[in-house]
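J.: Just a sequence and a predicted model for now, questions to come.
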There are 2 protein chains.
Amino acid sequence: MEFVAFDKPRACRDIASIITQVQAGQLKDGDAVTVQGSLHRIKEMSGFAFVNVRGARHVFQCIWHDDSSQGSIKDYAVEDCVVINGSIVAEERSRLGFDIRIESMEKLSSAAEQLPVEISNDRKIDKLQLSTLLDHRVVTLRNPKVRAAMRIADGVMHAFRTHLRSEGFVEFVPPKLVQAGAEGGAALFEVDFFGDKAYLTQSPQMHKQIMVGSVNKAYCVAPAFRGEKHSTNRHLCEYESLDFEMGYIDSFQDLMAVECRLFTHMLRFLNEEYAPELEMFLGQGNRLPEITQYPQIKFSEAKRLYADAHNKPAEDLADLSPDEEKWLGEHFLKEHNAPIVFITHYPSKKRPFYAMDDPTDTRVTLSFDCLMYGQEVTTGGQRIHDYHEQVAKMQARGMDIADFGDYLAMHKYGMPPHGGLALGMERVVQKLLGLDNIRRATAFPRDRERLSP
Amino acid sequence: MEFVAFDKPRACRDIASIITQVQAGQLKDGDAVTVQGSLHRIKEMSGFAFVNVRGARHVFQCIWHDDSSQGSIKDYAVEDCVVINGSIVAEERSRLGFDIRIESMEKLSSAAEQLPVEISNDRKIDKLQLSTLLDHRVVTLRNPKVRAAMRIADGVMHAFRTHLRSEGFVEFVPPKLVQAGAEGGAALFEVDFFGDKAYLTQSPQMHKQIMVGSVNKAYCVAPAFRGEKHSTNRHLCEYESLDFEMGYIDSFQDLMAVECRLFTHMLRFLNEEYAPELEMFLGQGNRLPEITQYPQIKFSEAKRLYADAHNKPAEDLADLSPDEEKWLGEHFLKEHNAPIVFITHYPSKKRPFYAMDDPTDTRVTLSFDCLMYGQEVTTGGQRIHDYHEQVAKMQARGMDIADFGDYLAMHKYGMPPHGGLALGMERVVQKLLGLDNIRRATAFPRDRERLSP
C-alpha cells in the first residue's frame, strides 16, 4: 500500500504554457524549453526543416537543423507524437513572436499510415465536402479550425451554466428515456425497453417544470432527440438543449430578460477567452459584437413588416418561414445593429398545450422565439400554472387528460406562475461563427444518414 | 417594436436574499419585507397561526395574527403559492434567528387537491417506501431533504466541471446514438433509427479518446445507458457519467492524481457552498471529510488483505466482490482515515480490449478502480495508443478488427500515450450523503420498472 502522489501536477509541456511564460517575460530568447505535441507539417529545406507542431490549442513552428539536431528528420512523420527539447528563438515573422530550435525530439508514438485527408491546411479543410469531413471525423477533428469550433461549443455551454448559476438556478439531470413525447407523437425515436416501448425525449419540458416546484429556478444541459426525416442545414437528430425554467415570474418578459443577460455575458466571455478561435472564423482582429439592446416585436407586426417590405399580403399567419426569419434578422441588424431579436405573441394554435394565452387576446400566447442572425435559436414562454385552466385547454384540443397524469400532477398540487425557454446549443455556435451547416458545430453529428463515428 | 428591458433583474423576493440581508445587518427587527414561497405547513393556534413557507432553498416560519393579518388564514391551504408582505421579527428560537410577521398574503395560485403524501416532514419522507417516494416524485421533490440531494448533485457536477476546466480540459458532447456498444453487446438498448438499428451509448469511451487527438484533454458530463436486468441499490438504467481522458501522460498514476485533486476540490466546495444541505444528511454541524491522502493498493494485494483478514483463501481472482469492496472501504477508513481508496493493476482478462497491459507483468493492466466508502465509483486506466499493439490485443481476443474501423482509425493516424476514467455522478452523491439507494441521488431515476415521471 502506498499513497497517490497528487499534490503537484507535472509541469505543463503544452505550448500554451510556454506562450504564457514568454508573454510574461519568464522565458526569453535562447532559454531551454521542453514541449510536446503532434507533428502537424514537416517542410524539409536545404540543411534544415520547418516542423509545425500541434499543441492542445496552438500550432507552433519549430526549426530542425541537420547539423545540430540529434538524429535525422527523415525518421519522423506527420502525426507522430513527440516531446521536443529545444530553445526559444525570437522571430518577428512567426505568429507567436518566437520559434523553437530543436535540439532533440523524442518520439512517443507514431502513425501507422498516412492521413486520408490533409488536416494541416484550414482552407483545404473548409473546401472539403461535408460528408468527407464527417466520414473522417476521427482525424478532421484534429484540424485547428475544426477543433476551434469545438472549443467555442465548450465556451457556449460554460457561459450558459455560469450565468444561470449566478442568477440562482440549479442544474438538474432530466431523463432521456420517457413514456411519451413532450410535444406529441411526431418524430419520436422508439426504444426497446426490456420488451416494452420507451421513447427518447424530445425536450425536458415536463421535467423542468416539475423542478420549478422543487427549487424554483432550474436548468439543464442535456440531449434532445428528433427523428427529422428531411435533411436541412439547421437540424440534427440529436442536439444539446440548453433549457431553463423559473417560477414566480411577473411576466414572460422576465424570461427574455434572463436570456438577454445571458447573451451579453456569453458574447463577452467568448471574446475574452476565445480570441484565437474566433479569429479563425471571423477574421483576424475580429470579435463577436457587444450587444447593448435586444429588439422585441410582436409576431403579427413582424409578419406585416415583411409583407409590407415585399409588397405582398402576409401568408400563413400561424408561423414564420425560414425566409421571413432571415429577412427579419437582416432588417434588425441593419436598422438597429441588433443580431438578436425576439418575436413575441405567437398564435395559440401553433404553440403547445401548455403555453399561456394572452389574457388580453387569447388568440395569441405569452410566448416568444429568439432569432440570432435570422435563425431561430430559442423558443420560450410563460406556461399555464393553474390546474383547471390547463385541463380546460387540453380538453379544448381534444386531448385525453388521463394520458397526462404526471404532467397534471404538478398543477394539481400547486405551481407558481412560471415559464422558461430552450436554446439549441449547436445553433448558437453555428450562428455565432457563421457556419453554413449545423453539423460543423458539434464533434459527432447525428442525422438520418450518420451514426458514426 | 420596443427593446427588452433586461439591465436590472427584479429585486429577489426569495427568503435566501432576506437571510443574506439580515446576516449583513441590512435588515433588522421590525423592517418591512416582501417574500415569496409555497405554503409548506399551516398550524392554527388560538388567535394566530404558524405558517411555514418553502422558498427555493430554505423553509422559514411566518406568523399569522388573526387580529392584524389581512383576511382569514382559512382561505389558504398547503401548496398555495403566495407573496407575503410582512416584517422581520427577531426570534432566537427560530432556526434562522427571525420569523416574519404577516401583514398580508397574496395568493398567486392554489393547489386543486390535497397532497397525496405529506412532504413537510423529513422523517416521514425518509420512512416512505422508496416506490411511493418515486411514484409521487412530482411532489416529493418539493420536500426539503429530497431536493437537498438534488442540489448536492448540482454541486458535484459543478465541481467536476470547474476543476477539470482549471486543469485545461475541454468539454465536448459525445453522441448518445451509436452503432454498437463500447464494451460489447450486453445490456444494450436498441433504438429504431428510421427503420435501422441503433443503440444507446454505454460509455463515451471511443469518443473521448478521439477528442484526445483533437484537444488533448477532454471531458464530458453525459448520460450512459445500461439495460440492467437485476435491481440493485447501486445501478440505474440511465446514469450521468462524468468522464475525462487526457494525452501525454507519463503513467496511469497521472490519472489518479487528477482524480485526487478533483475530489479534494469537490469536497471542499461542497462543504463551503452546501452546508445546509449536507447537515440534513450528515447531522447538524457535520461536514464532508477533508481528505489529505488517498491510498492505492494493487488488486492482488487487496485480495490477499481481505483473505488474510477472513482466514480463507482468495476466491475469484479476477474481480472484487461487493463484500470485498465494502470491507476494503471500512479497512482503509479505519486504518488510514481514508474514505477514498484506489485499487490498481486489475487482471487483464477482466478489463476491456483497450486497457494497456503492465509491461512488467502482462497478466495485469495499468488500470484502477476507485472505491468511495467501500463502493466502486470510478473505473479508469491507461489505454493502448499504438495501432499494432491494439490490433494484436483485439485479435488475441478473437475480435474482428473490421468491426472497429472508427475506433482503430485514431490509433492508425497517431495517438499520444493517454488514459482516462469515468465517475458515476449518482454513485458519488449516494456515497457522500450515505443514501441507502442510488435512486435517491437523482430526480428522475430509471430502472426496469420505472419510466416515469
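T.: It's in.

J.: Going toward the C-terminus from the longest helix along chain A, what's the next helix or strand?
T.: Secondary structure of chain A per DSSP state H: the longest helix is helix A:144-166. Where DSSP states H and E defines the elements, the next helix or strand beyond helix A:144-166 is strand A:170-171.

J.: Does the helix or strand that that following strand is followed by pack against any helices or strands, and if so which?
T.: Later in the chain than strand A:170-171, the nearest helix or strand by DSSP H and E is strand A:177-178. Applying 3 or more Cβ pairs under 8 Å, 6 or more residues apart in numbering or on different chains; DSSP states H and E, we find strand A:177-178 packed against strand A:196-200. C-beta: built from backbone N, CA, C; applies to glycine.

J.: can you pull the buried residues of the strand it packs on?
T.: Neighbour-count burial for strand A:196-200, counted by 16 or more other Cβ atoms under 10 Å in any protein chain shown, picks out A:198-200.

J.: Is any residue of it near chain B?
T.: Yes. Judged by Cβ under 8 Å from any Cβ of the partner chain, strand A:196-200 and chain B are in contact via A:198, A:200.

J.: Show me what that strand packs onto, helices and strands only.
T.: strand A:177-178, strand A:190-193.

J.: Can you say which of those strands is packed in most?
T.: Of all the helices and strands packed on strand A:196-200, strand A:177-178 has the most neighbours on average by mean count of other Cβ atoms under 10 Å in any protein chain shown, namely a mean of 23.

J.: List the contacts of it.
T.: Residues outside strand A:177-178 that contact it (Cβ atoms under 8 Å, 6 or more residues apart in numbering or on different chains): A:191, A:193, A:198-201, B:189, B:225, B:237-238, B:446, B:451-452.

J.: ok, 10 Å please
T.: A:188, A:191, A:193, A:198-204, A:206-207, A:406, B:189, B:200, B:223, B:225, B:237-238, B:444, B:446, B:450-453 (Cβ atoms under 10 Å, 6 or more residues apart in numbering or on different chains).

J.: now stretch A:115-130
T.: A:38-42, A:52, A:54, A:59, A:77-79, A:132-136, A:138-148, A:233, A:280, A:436-437, A:439-440, A:445, B:409, B:412-414.

J.: Which residues belonging to it are considered buried?
T.: For stretch A:115-130, using 16+ other Cβ under 10 Å, the buried residues are A:115, A:119-120, A:125, A:128.

J.: A:Pro204: how many residues sit nearby?
T.: Neighbours of A:Pro204 under the rule other Cβ atoms under 10 Å in any protein chain shown: 30.

J.: meant to ask about A:Asp400
T.: Using other Cβ under 10 Å, the number of residues around A:Asp400 comes to 8.

J.: right, and it touches A:Met394 too?
T.: Yes. A:Asp400 lies in contact with A:Met394 (Cβ atoms under 10 Å); the separation is 8.3 Å.

J.: Can you check which residues contact both of the two?
T.: Between them, A:Asp400 and A:Met394 share no contacting residue, judged by Cβ under 10 Å, 6+ apart.

J.: coming back round to it: buried set for the longest helix of chain A?
T.: Buried residues in helix A:144-166 (16+ other Cβ under 10 Å): A:144-164.

J.: can you tell me which of those are up against chain B?
T.: A:144, A:146-148, A:150-151, A:153-155, A:157-158, A:161-162 (Cβ under 10 Å from any Cβ of the partner chain).

J.: So is stretch A:383-399 next to chain B?
T.: Yes. For stretch A:383-399, a contact with chain B is found by Cβ under 10 Å from any Cβ, at A:385-391.
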